[in-house]
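Enquirer: the following comprises the amino acid sequence and a computationally predicted model.
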Amino acid sequence: MLLVAVATLAGCKPPDAPSPDPTPKPNPPDTLTFVSQYENWPFGVNACLATRYQGSDTTLVGTAIAKMADAGIRWQRESFEWTVLEPQKGQFNWTPFDRAVNGELKANINVLGLLCYGASWWGAANNHKDMSSLTDTMLAEWSGYVKAVVGRYKNQIHYWEVWNEENFSQFWYPAPNAADYVRLLRASYEAIMSVAPESHILMGGIVGTDTSFVSQVYAAGGASYFDILALHLYPGVAPDIAVYGDTTYPSMLVGQIAGFHDLFPDKPLWVTEIGWTTGVSYVSESQQADYLVRAYVQLLALPEVQKVFWYDFRDDGTGDPYEDNFGLVHRDQVLSSKEDYDACQTLMGILGGATFESNSFGNGIFEYRFSGNQKTIDVVWTTANTPQTVTVGNIAGSSATLTTLTGSSQTVTVQNGQCVVTASQAPVYLIH
């Protein structure tokens with residue numbers, strides 16, 4: 001098993017809860033439904049519009065949705081945090097959630113609903129992630145919250161993720177407990193199936209490829225209560241670092257996921273968080289953009305990986321330089337684009353709807369071939385510090401289009417079915 005060191009403080013964190021609506025309505029006001037034509041779209045992002053865009057930031061919800069749509073993002077992971085949704089027992093605040101869900105569906109963006117954390121009045125009063133005593137009463141109250149959310153949005157949201165990073169003590173305090181998580185997962189499954197039996201359920205995204213924790217979940221019977229495994233990957237190094245002397249996989253990241261899937265082959269995988277931070281002493285904005293493309297291309301070439309959600313959409317405002325700089329856009333009043341936003345927009349515009357065909361790798365050179373929309377696309381880069389000359393073969397016609405990571409294009413010559421390109425750490429797309 002190939003392992004990668006993974007560390008994260010990620011997860012959608014709410015601000016102070018807004019005033020509740022004491023009279024919850026049975027269904028959202030709009031009649032928009034799940035966008036079925038984008039059900040298989042692989043590109044997603046974490047934006048958490050309902051919990052992270054409160055107060056003066058509410059005016060930015062529309063801007064955020066428009067920028068996501070413009071980038072080709074068709075999935076968004078929305079956090080239905082109980083503390084925000086029901087800040088006082090029996091009093092629901094649906095407004096920010098209706099605004100987010102309806103706005104996203106209007107923009108043809110599907111929602112992955114994240115059901116997470118206890119209510120502020122549930123369990124330990126000072127820590128709604130305190131799971132040290134998961135009583136039957138707590139489970140019954142949790143089930144009521146799940147039924148309320150899923151029942152309200154059952155026509156709009158067809159995929160639900162149960163909890164966030166339950167194998168990490170920050171989110172399952174004071175220590176992870178697989179048996180208790182399975183109790184919560186089963187209660188969630190039964191609640192969801194009772195109101196929306198067509199739903200698909202994800203096990204809460206785990207930190208890294210924690211095979212020990214997932215094995216404990218399976219041993220406790222948890223596999224019966226979810227359809228999809230979710231992973232959170234924060235390698236902290238380049239996404240294509242290889243294990244010395246191992247030529248089986250293109251990178252350690254790919255080997256890590258392949259090894260994980262070999263142990264749990266009955267479930268497809270969604271990577272519901274992955275990212276690199278541009279905080280002090282981490283990566284630059286240009287490296288973040290490079291890593292986004294290099295990670296997406298490798299992951300989407302794996303048949304077991306169905307979707308990848310970038311973490312996150314907007315830079316956070318917690319005051320922690322590490323946590324605050326994962327975004328595709330800056331934390332300003334226009335949500336100005338970072339370099340990884342432009343790279344994301346180009347990637348999704350070119351590879352949206354494409355199918356992986358083949359790859360080759362070695363000596364720091366990576367070539368991935370996709371096909372779609374009557375085009376063939378070769379994605380080429382190198383991990384070397386200096387540019388490398390790469391000859392791409394099996395090309396029909398006399399010319400091709402070479403597009404940079406940020407979308408600039410030029411026509412290049414093809415001779416004898418081959419095209420010579422200059423590869424750098426910033427991937428390029430050869431389209432023919």
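Expert: Good, I have the coordinates.
Enquirer: residues near the spatially closest residue to residue 46 that is not a sequence neighbour, how many?
Expert: Nearest residue to residue 46 in three dimensions, chain neighbours excluded: residue 312, at 4.2 Å (CB to CB, 6 or more residues apart in numbering). All C-beta spots, glycine's among them, are computed from the backbone N, C-alpha and C. Using other CB atoms under 10 Å, residue 312 has 23 neighbouring residues.
Enquirer: quick one, domains of this structure?
Expert: By the assignment in automatic domain parsing, the chain contains the domains 36-353, 357-431.
Enquirer: nearest to residue 30, of those domains?
Expert: When the domains of the chain are compared by CB to CB, domain 36-353 sits nearest residue 30, at 4.4 Å.
Enquirer: end-to-end on the closest one?
Expert: Distances were taken as CA to CA, to the nearest Å; on that basis the terminal residues of domain 36-353 are 14 Å apart.
Enquirer: do the same with stretch 207-224
Expert: The first and final residues of stretch 207-224 sit 21 Å from each other (CA to CA).
Enquirer: pLDDT of that stretch, averaged?
Expert: With pLDDT averaged residue by residue, stretch 207-224 scores 98.
Enquirer: pull out the buried positions in that stretch.
Expert: Residues of stretch 207-224 classed as buried by neighbour count (16 or more other CB atoms under 10 Å): 207-211, 213-214, 216-218, 220, 222-223.
Enquirer: now, which of these lie within strands?
Expert: The members of these that map onto strands under DSSP state E are residue 207.
Enquirer: element containing residue 430, please.
Expert: For residue 430, the element it lies in under DSSP states H and E is strand 428-431.
Enquirer: ok, the most centrally placed residue in the chain - contacts?
Expert: Centre of the chain computed as the mean C-alpha position; nearest residue by CA atoms, centre = their mean is residue 309, 1.8 Å away. Contact partners of residue 309, counting by CB atoms under 8 Å, 6 or more residues apart in numbering, are 44-46, 75, 77, 112, 270-274.
Enquirer: go again using 6 Å as the cut-off
Expert: 44-46, 77, 272 (CB atoms under 6 Å, 6 or more residues apart in numbering).
Enquirer: how far away is residue 313 from residue 406?
Expert: 18 Å (CB to CB, to the nearest Å).
Enquirer: more crowded one of the two?
Expert: Using other CB under 10 Å as the criterion, residue 313 and residue 406 rank with residue 313 on top: 26 against 14.
Enquirer: quick check: closest non-adjacent residue to the more buried one.
Expert: Residue nearest to residue 313 in three dimensions, not counting chain neighbours: residue 47, with 3.9 Å by CB to CB, 6+ apart.
Enquirer: same thing with residue 424?
Expert: In space, residue 424 comes closest to residue 387 once its chain neighbours are excluded; the distance is 4.8 Å by CB to CB, 6+ apart.
Enquirer: hmm, back to that, my guess is the residue nearest to residue 313 contacts residue 314. True?
Expert: No - under the contact definition of CB atoms under 6 Å, residue 47 does not touch residue 314, with a separation of 7.0 Å.
Enquirer: what segments of the stretch 101-250 of the chain are strands?
Expert: Counting by DSSP state E, counting those that start in this stretch, the stretch 101-250 of the chain forms strands over residues 110-116, 159-164, 200-207, 229-233, given from the N-terminal end onward.
Enquirer: and the longest one, what's buried?
Expert: Of the residues in strand 200-207, 201-207 count as buried by neighbour count, 16+ other CB under 10 Å.
Enquirer: so what touches it?
Expert: Counting contacts by CB under 6 Å, 6+ apart, the residues outside strand 200-207 that touch it are 6, 8, 159-168, 189, 226-230, 232, 272-273.
Enquirer: quick one: which of the contacts of residue 309 is nearest to residue 134?
Expert: Relative to residue 134, the closest of the contacts of residue 309 is residue 272; by CB to CB it sits at 23.1 Å.
Enquirer: need the phi and psi values for the closest one.
Expert: Geometry field for residue 272 lists phi and psi as phi -90, psi 0, criterion degrees, to the nearest 10.
Enquirer: which residue lies farthest from the center of this structure?
Expert: Within the chain, residue 416 marks the point farthest from the mean C-alpha position, 41.1 Å out by CA atoms, centre = their mean.
Enquirer: now do the same for that residue: its pLDDT.
Expert: The per-residue pLDDT reported for residue 416 equals 96.
Enquirer: what does residue 204 give?
Expert: In this prediction, residue 204 carries a pLDDT score of 98.
Enquirer: quick one: low-confidence parts of the stretch 51-200 of the chain?
Expert: 123-126 (pLDDT under 70).
Enquirer: one more pass at 80, please.
Expert: For the stretch 51-200 of the chain, the stretches with pLDDT under 80 are 123-127.
Enquirer: quick one, helices of it?
Expert: Taking DSSP state H, counting those that start in this stretch as the test, the helices found in the stretch 51-200 of the chain are 61-70, 82-85, 95-106, 136-153, 178-195.
Enquirer: including distance to residue 364, could those helices go into JSON lines?
Expert: Putting the helices of the stretch 51-200 of the chain into JSON lines (distance: least, CB to CB, whole Å) gives the following:
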{"stretch": "helix 61-70", "distance to residue 364": "33"}
{"stretch": "helix 82-85", "distance to residue 364": "46"}
{"stretch": "helix 95-106", "distance to residue 364": "40"}
{"stretch": "helix 136-153", "distance to residue 364": "46"}
{"stretch": "helix 178-195", "distance to residue 364": "40"}
